[in-house]
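> below are the sequence and a predicted model for it; my questions follow.
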Amino acid sequence: MAQAHHLIGLLLGTEEDWPSAFETITRAMGPVTDSTGTEHHYAVERMTIEPFDLRHQPRQDLVIDRLAYWYYHPREWLKKAALTHDVYLLNSPFTFQSMEKHAAYCAMIRLGLHVPDTVLVPFKNPPDHAKYAYTAARYNQPFDLDAIAGRLGYPLFMKPYDGGAWVGVSLIRNAAELHRAYDESGQRLMHLQQAVSGYDVFARSLSIGAETMVMNFDPDQPMHARYRVDHGFLDAHTGWETVTIGRVVNAFFRWEFNSCETLIKDAVVYPIDYANACPDIALTSLHYYFPWAIKALVSWSVFCTATGRRPRYDLDTRRYFEIADRADLDYDQKLERYRALADEYFDVERYADFCASRLPHLDEIVLEWVEGPSLDRLLVDTVRSTFPVQEHDPFIEHYRGLLSAWARDQRAGPACGEPI
Ligand SMILES: Nc1ncnc2c1ncn2[C@@H]1O[C@H](COP(=O)(O)OP(=O)(O)O)[C@@H](O)[C@H]1O
Ligand SMILES: [Mg+2]
């Protein structure tokens, strides 16, 4: 029987939870036989940072990255691996460096999505650069910040055009707050964005390849309680629309591991944050949804490598814009067509078929892991390293309850908490 060996690299920051889970499930999964009879063997390795030769052949077939958004050296390694040897990346830094939140807003506006009105204002403090000072003195137009805010209306949000992790994000309720936030923004380039006030639901969709889990999110809660365990909180059409928006923006920019935020008010879905290069999948924040995320990461990594899926960094912008620019289609009709392009990009049907025919044992492996001692040990270690000592016992019980609820729901049938 033909054999193929694949190495999956993990590029990590401080986390220990999901990498251990990923390693455990990949080991337990064993070899995967594809439709031609080739047996695929998997090894997982945590990557280290060291000098690299630009011609050196990487050993990894696929890399899951949680680091390169923040650090240059691994980022440049990823670019090299992508360009010289077609290493499959979740995600490619090309797509995130040039296509941050601002670009996503622009593209989604072009596609006709309900991005709240947004204005980019020039730096409060220009970069320290002699030539910039000269250029600014000659060409920078004075502008009236209050007039912009007045047009958008209070309350509004000021946030970095390329931000993440809520850094530098402020809710602005009046002119005094506006000026304070702008003065504090310093050398960061900021958006002013109309607030979607009094929304009904904050839906956060985590996408891993062809799978999307839409979760009911409450940003006002502490980290461990932000994702609510809640099924069917969106009606069928809004659920479809939310998944579609997430999948479309991901396919559009070739993002394969991303979390997307939408605010839903009076049945309108407003996308507000769509470019998270290193999406949070910590056990302590995802809790109930953590086993799904690990299973999806393993399945998508295996699907891409075993089927020889080619990484793509070139965009299909024109195909989307041709739909966007059609006057004879309404919003829903456009979404349906974008969705077809996105499903085609993520090979959704073939992926589902691959999971059913090549990974039929994975569900049971993940369930046994969730019900067994290995995940429990990981949970205890994670809680101990995350929370102060007096909170260990209550949090361990809290998370145990959520993980066993997931296992119970899965055993009860596929209706609950299923990704789309
Ligand atoms: N237009 C908006 N309307 C209402 N809430 C918003 C808006 N923009 C941001 N927020 C709130 O601020 C938080 C952080 O903003 P976001 O755009 O997601 O930035 P980051 O990329 O730092 O996560 C959001 O999760 C949401 O709670
Ligand atoms: Mg956000």
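Thanks, I have it. Ligands and ions are numbered 1, 2, ... in the order given.
> what sits closest to the residue of the stretch 251-400 of the chain found nearest ligand 2 if chain neighbours are left out?
Taking CB to the ion as the measure, the point where the stretch 251-400 of the chain comes nearest ligand 2 is Asp273, at 3.6 Å. In this view, the C-beta of every residue, glycine as well, is placed from N, C-alpha and C. In space, not counting the residues next to it along the chain, Asp273 is nearest to Glu261; the distance is 4.0 Å by CB to CB, 6 or more residues apart in numbering.
> neighbours around the one you found, how many?
The number of residues packed around Glu261, counting by other CB atoms under 10 Å, is 17.
> for the helix or strand containing it, which outside residues touch it?
Counting by DSSP states H and E, the secondary-structure element that holds Glu261 is strand 257-265. Applying CB atoms under 8 Å, 6 or more residues apart in numbering, the external contacts of strand 257-265 come out as 64, 90-91, 196, 198-209, 217, 234, 238, 242, 245-246, 249-250, 269-277, 279-280, 297.
> briefly note if that strand comes near ligand 1.
Yes - contact between strand 257-265 and ligand 1 is present through Glu261, Leu263 (criterion: CB under 6 Å from any ligand atom).
> state the mean pLDDT of stretch 369-384.
Model confidence over stretch 369-384 averages 97 on the pLDDT scale.
> ditto for stretch 281-289
pLDDT averaged over stretch 281-289 gives 96.
> start to end distance for it?
Using CA to CA, to the nearest Å, the end-to-end distance of stretch 281-289 comes to 9 Å.
> can you point out the buried residues in it?
Of the residues in stretch 281-289, those scored as buried under the neighbour-count criterion (16 or more other CB atoms under 10 Å) are Ile281, Ala282, Leu283, Thr284, Ser285, Leu286, His287, Tyr288, Tyr289.
> same question, stretch 333-343
Within stretch 333-343, the residues that qualify as buried by neighbour count (16+ other CB under 10 Å) are Lys334, Leu335, Arg337, Tyr338, Arg339, Leu341, Ala342, Asp343.
> which of those residues sits closest to Ser35?
Taking CB to CB as the measure, Ser35 lies nearest Asp343 of the buried residues of stretch 333-343, at 20.7 Å.
> what's the spacing between stretch 208-226 and its chain's center?
Using CA atoms, centre = their mean, to the nearest Å, the mean C-alpha position of stretch 208-226 is found 11 Å from that of the whole chain.
> if you look at that stretch, does any of it touch ligand 1?
Yes - with CB under 6 Å from any ligand atom as the threshold, stretch 208-226 lies in contact with ligand 1, specifically through Pro219.
> point me to the residue of the stretch 1-150 of the chain nearest ligand 2.
Closest approach of the stretch 1-150 of the chain to ligand 2 (CB to the ion) occurs at Lys101, with a separation of 8.7 Å.
> report the contact partners of the residue lying closest to that residue once chain neighbours are set aside.
Sequence neighbours aside, Ala275 is the residue nearest to Lys101 in space, at 4.6 Å (criterion: CB to CB, 6+ apart). With contacts taken as CB under 8 Å, 6+ apart, Ala275 has the following neighbours: Phe96, Met99, Glu100, Lys101, Ala103, Ala104, Asp162, Gly164, Phe253, Trp255, Asn258.
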